[in-house]
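In: Next come a sequence and a model predicted from it.
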Amino acid sequence: MKINNKKVAVALNSVFWSLFLTLMKGVVGIITGSLGILSEALHSLLDLGAALLTFFSVRVGDKPADKKHHYGHLKIESVSALIESALLFITSGWIIYEAIKRLFFEKVEVDVVWYSFVVILISIFVDISRSRALMKVAKETNSQALEADALHFSSDIWSSCAVFIGLICAYFKVPAADTIAALVVAIVVIHAGYKLSKRTFDVLIDTAPEGLEEIVTETANNTEGVLGVSKVRVRIVGSSMFIELGIKISRKLALEKVKKITKNVEEQIKLKINNADITIHTIPTTLDNETIVEHIQILAHSQDLSVHDIAVHSIENKTFINFDLEVEASLTMEKAHETATKLEDVLKNELGNEVEIITHIEPLKSDISKGEKISQKEEKEIIAKLNNVAKNLENIYEPRSIEIRKVNDKIFISFHAYTDKNILLEKAHEESSKFEYLAKQKIDNVARIIIHLEPKE
């Protein structure tokens, strides 16, 4: 994150104006003896300190995250705003002390001259201009420090107005008017300080913004593929909103589908919340309509294992499960059996110990085996035998695109064939298995036959 020059420029401009107003009010307040103007001078002096803090915080706060500050340096803006709140309370305390002393214990003559009014009018004009400039940039950059400054200086406008009225009353010989005006300034300053300190303290202790959790939850729940939302956490760090949430999704979904759902949730939340930094955790969830075969496939996948040819039967309230389990061919029989037993235990833990599981262990060959072509004579003989097998089957016909290769002295055959488009998949699979069985009876050394069936009238 680069330092935002616009933020720095408006903060530096505020520093210069605070310095100018402090000097101008201080000189006039000392000359005239007006507590209202002196309180405004002290107020401006603290404004100068606050403006310097803001300038420092926006420069440091925009530095990127590092090894020690994983969320960046943006909270320095909140610290700056909290210090500014403390300065406001200190200002108010001094003003109230002086006002009580003048009202009840001391008599101070206020010399109201024309430039007393000019000073306050200039102060009002400056505060209006810079509060607008600060708020504009604060909204553009979502800067808490600049927004705090803007609110601070907008409250200064009202306190200056109170002093202006007090000077008018003092000019018409109302002795307590200037002191009362100073008390009004103190009340305004206390109110501004309370609002500012409460907000910045909430940020520093990671108080979740009101209503934001509901927006995140509703948005995620309305995203396709999300079954539920849990553990929503929101924290503000400077101008950024860090959001963490868990989304429940079907555990049957492939990884790519999970990534797509997660991305959609993130995009939808960012449309509603600016400067959101979102972390999403996925929670695999079992669906009510999940079949026992899907249970087996999911649990096997969770163990980094592959199963196929799953058969499930129920006899007299007892469930029998058979499947082929593929394990690394390099494993010893002892290790392979341990792997199968572990998977069976996982399945029984979820499906119940009353199920009976029989596992057929097969070697999984992940390396590419080097094959070779067979002779033309052998190829013609095998194709003829395949066609003869097809003639004796009702639902598989017209074998074509036949590929025959030899790997480690074993024959591998693959081809395309047609079947009736209205036949059920289960029946078509039975027919292809029957084809493979009959072909192996006629062709020697066949390791595997792969048939790609296509529907046809």
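Out: Structure received. Numbers count the residues shown, from 1 in each chain.
In: all contacts plus neighbour counts: C-alpha atoms, from now on.
Out: Will do.
In: Flag the shaky bits of the stretch 201-350 of the chain, pLDDT-wise.
Out: For the stretch 201-350 of the chain, residues meeting the criterion pLDDT under 70 lie at 201-210, 236-240, 288-289.
In: What ranges does it have for its helices?
Out: Assigned helices in the stretch 201-350 of the chain, in chain order: 212-221, 255-272, 292-302, 333-351 (criterion: DSSP state H, counting those that start in this stretch).
In: quick one: which helix or strand includes the residue located most distally from the centre of the chain?
Out: Residue farthest from the centre of the chain, counting by Cα atoms, centre = their mean, is residue 377 at 64.7 Å. Under the criterion of DSSP states H and E, residue 377 resides in helix 376-391.
In: what is the mean pLDDT for that helix?
Out: Helix 376-391 carries an average pLDDT of 90.
In: Pull the number of nearby residues for residue 423.
Out: Residue 423 is flanked by 11 other residues according to other Cα atoms under 10 Å.
In: Next up, the contacts around it.
Out: Residue 423 sits next to no residue when contact means Cα atoms under 8 Å, 6 or more residues apart in numbering.
In: can we see that at 10 Å?
Out: Residues in contact with residue 423, defined by Cα atoms under 10 Å, 6 or more residues apart in numbering, are 395, 455.
In: What separation is there between it and residue 391?
Out: 18 Å (Cα to Cα, to the nearest Å).
In: and if you look at residue 320?
Out: 36 Å.
In: ok, back up a step: return the distance of the residue farthest from the centre of the chain relative to residue 226.
Out: Residue 377 sits 59 Å away from residue 226, going by Cα to Cα.
In: Same question for residue 302.
Out: 21 Å.
In: Between the two, tell me which one has more neighbours.
Out: residue 226 (19 against 12).
In: Please name the nearest non-neighbouring residue to that one.
Out: Nearest non-adjacent residue to residue 226, counting by Cα to Cα, 6 or more residues apart in numbering: residue 249, 5.4 Å away.
In: count of residues packed around the one you found?
Out: 22.
In: Nearest residue to the middle of the chain?
Out: Relative to the centre of the chain - Cα atoms, centre = their mean - the closest residue is residue 278, sitting 1.2 Å away.
In: List the contacts of that one.
Out: 234, 241, 242, 243, 244, 245, 265, 266, 267, 269, 270.
In: Let me see the contact set for the third one.
Out: By Cα under 10 Å, 6+ apart, the contact list for residue 242 reads 71, 233, 234, 235, 236, 275, 276, 277, 278, 279.
In: For the helix or strand containing residue 125, buried residues please.
Out: Under the criterion of DSSP H and E, residue 125 resides in helix 114-141. Along helix 114-141, these residues count as buried under the neighbour rule (16 or more other Cα atoms under 10 Å): 116-117, 119-121, 123-124, 126-128, 130-138, 141.
In: repeat for stretch 245-261
Out: For stretch 245-261, a neighbour-count test (16+ other Cα under 10 Å) marks 245, 246, 247, 248, 249, 250, 251, 252, 258, 261 as buried.
In: Which strand residues bridge the fourth one?
Out: Each beta-bridge partner of residue 248 is listed here, defined by DSSP bridges: residue 228, residue 283.
In: Contacts for stretch 322-336 next, please.
Out: 293, 296, 300, 304-313, 337-341, 343, 356-366.
In: How about exporting stretch 125-135 as CSV, limited to the C-alpha atoms?
Out: Taking C-alpha atoms only, stretch 125-135 is exported to CSV below (Å, rounded to 0.1, in the frame of the first residue of the first chain):
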residue,chain,number,x,y,z
PHE,A,125,-14.4,30.5,8.0
VAL,A,126,-11.2,28.4,8.3
ASP,A,127,-13.0,25.7,10.3
ILE,A,128,-15.8,25.4,7.8
SER,A,129,-13.4,25.2,4.9
ARG,A,130,-11.0,22.6,6.4
SER,A,131,-13.7,20.4,8.0
ARG,A,132,-15.3,20.1,4.5
ALA,A,133,-11.9,19.4,2.9
LEU,A,134,-11.0,16.8,5.6
MET,A,135,-14.4,15.1,5.4
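In: Between all of the buried residues of stretch 245-261, which two are at the greatest distance?
Out: 245 and 252 (20.7 Å; Cα to Cα).
In: in the stretch 351-457 of the chain, which ranges drop under the pLDDT threshold?
Out: If you take pLDDT under 70 as the line, the stretch 351-457 of the chain has these spans: 365-369.
In: On the pLDDT front, check residue 101 for me.
Out: On the pLDDT scale, residue 101 gets 68.
In: Could you shift the numbering so residue one becomes 456, and keep it that way?
Out: Understood, numbering begins at 456; the last thing we discussed is residue 556.
In: Show me the beta-bridge partners of the residue nearest to the centre of the chain.
Out: With DSSP bridges as the rule, residue 733 is bridged to residue 698.
In: Distance of it relative to residue 675?
Out: As defined by Cα to Cα, residue 733 lies at a distance of 12 Å from residue 675.
In: Residue 471 now?
Out: According to Cα to Cα, residue 471 and residue 675 sit 47 Å apart.
In: out of those two, which sits in the busier spot?
Out: residue 675 (26 against 13).
In: Count residues in the vicinity of the nearest residue to the more buried one once chain neighbours are set aside, would you?
Out: Leaving aside its sequence neighbours, residue 675 sits nearest to residue 720 (Cα to Cα, 6+ apart; 5.5 Å). Residue 720 has 22 neighbours, counted by other Cα under 10 Å.
In: Same question for the one 3 residues further on.
Out: By the measure other Cα under 10 Å, the count of residues near residue 723 is 15.
In: That one touches residue 729, doesn't it?
Out: No: counting by Cα atoms under 10 Å, residue 723 sits too far from residue 729 to count as a contact (11.2 Å).
In: Since that was my last question, I'll sign off now.
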